[in-house]
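> no sequence for this one, just the structure:
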């Protein structure tokens with residue numbers, strides 16, 4: 001089911017399959033837009049929940065939208081804020097003294113408390129669309145209810161039905177014609193709920209479709225199974241976006257299932273903790289289905305990695321090509337020098353973009 005495609009936006013074409021790095025607060029951690037561009041990024045994400053809380057969507061609109069705010073002049077996608085409303089609401093930021101307060105869900109929307117200062121907020125489907133229209137991304141997402149991975153079927157069913165009702169309100173409230181609204185398939189780990197949701201989403205004929213509620217605690221096999229249920233139903237001529245997928249083996253697996261777009265914080269998060277991905281042919285490496293090589297995750301902070309060699313002698317990223325050694329990177333990380341995190345982030349993002357380039361090539365040659 002792997003395929004190649006293009007998706008046209010006001011800020012340029014997106015070639016699929018495509019990995020989308022996450023710029024939660026309007027920046028991919030430590031990276032300049034020009035660096036992302038040179039590594040091969042075609043589209044990046046902004047997070048509606050975080051940008052709404054700070055600096056505020058109205059301020060960003062006044063500046064000229066995310067393009068002017070971030071100086072990234074290529075395609076952008078904003079999520080709806082739904083996942084963060086459910087996962088972060090009531091979470092205390094370090095240093096806050098007040099007790100966390102849980103969010104409350106009603107048919108109107110969600111009342112929640114900021115993880116920054118405990119202030120109370122309300123987001124509805126209409127409010128989510130308003131915020132995203134103010135932010136001005138090329139692709140915006142519908143507001144959905146994300147149930148926990150271990151929720152009982154009755155709870156997942158109710159959340160899925162509410163997601164469908166909220167989706168129709170999102171469509172009705174959308175005013176801008178230069179933004180593509182993607183609906184989100186929900187249904188947890190239940191095949192009948194997933195198929196029902198995918199059928200409804202498909203019937204709406206929106207520009208693209210997303211699969212949500214995965215990678216929230218399930219084992220990999222279940223993620224792949226749920227994805228297959230959805231991609232077998234979702235239209236072939238519309239991009240399919242699987243939310244929150246980033247491990248190399250997962251990217252290969254879901255592309256084989258017909259997924260075109262995926263995002264994850266992993267490349268940047270792992271870099272901040274001293275971990276990098278490298279190509280490997282060793283027996284303990286993880287196989288990449290559809291490609292000729294495997295990969296390993298390496299902890300640069302470990303003593304055995306204090307060598308004068310590069311992260312990966314076969315890698316063409318600026319960090320490796322620049323000759324930065326493992327022992328130097330190990331030193332920077334131990335000294336908490338930001339350059340170390342920056343150099344590892346460059347490597348991990350290059351690895352991920354290059355992985356997707358290799359997948360595209362393999363699909364084009366009918367080898368994937």
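Structure's in. What do you need? Not measured: the values here are computed from a predicted model.
> where does the protein dip in pLDDT?
Along the chain, the parts satisfying pLDDT under 70 run over 86-101, 303-306.
> Let me know the secondary structure of the residue positioned nearest the centre of the chain.
The residue lying closest to the centre of the chain (Cα atoms, centre = their mean) is residue 263, at 2.6 Å. Three-state assignment for residue 263 (DSSP: H, G, I helix; E, B strand; the rest coil): strand.
> Which strand or helix spans the residue nearest to it when sequence neighbours are not counted?
Excluding the flanking residues, the one nearest residue 263 by Cβ to Cβ, 6 or more residues apart in numbering is residue 20, at 4.1 Å. Any C-beta I mention is one placed from the backbone N, CA and C, and that applies to glycine too. Using DSSP states H and E, residue 20 sits in strand 18-23.
> if we can go back for a sec, residues in contact with the residue nearest to residue 263?
Applying Cβ atoms under 8 Å, 6 or more residues apart in numbering, we find residue 20 in contact with 43, 44, 45, 77, 261, 262, 263.
> picking up where we left off before, now the strand holding residue 20: buried residues?
By 16 or more other Cβ atoms under 10 Å, the buried positions in strand 18-23 come out as 18, 19, 20, 21, 22, 23.
> Also stretch 178-194?
179-190, 193-194.
> returning to what we had before: downstream neighbour of the strand holding residue 20 in the secondary structure list?
Trace forward from strand 18-23 with DSSP H and E and the next one is helix 33-39.
> which helices and strands does the next helix or strand after that next one pack with?
Next helix or strand after helix 33-39 toward the C-terminus (DSSP H and E): strand 44-46. Here strand 44-46 touches strand 18-23, strand 76-78, going by 3 or more Cβ pairs under 8 Å, 6 or more residues apart in numbering; DSSP states H and E.
> still on that earlier bit, max pairwise distance over the contacts of residue 20: which two?
Within these, two members stand farthest from each other by Cβ to Cβ: 44 and 262, at 13.1 Å.
> about what we covered before: could you dump the buried residues of strand 18-23 to TSV with distance to residue 338?
Formatted as TSV, those follow (distance: Cβ to Cβ, whole Å):
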residue	distance to residue 338
18	28
19	24
20	24
21	18
22	19
23	17
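> Would you list the strands that the strand holding residue 20 pairs with, along with their directions?
strand 44-46 (parallel), strand 261-264 (parallel) (DSSP bridges).
> Can you add distance to residue 1 and give those back as TSV?
Shown next, in TSV, are the strands paired with strand 18-23 (distance: least, Cβ to Cβ, whole Å):
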stretch	distance to residue 1
strand 44-46	24
strand 261-264	14
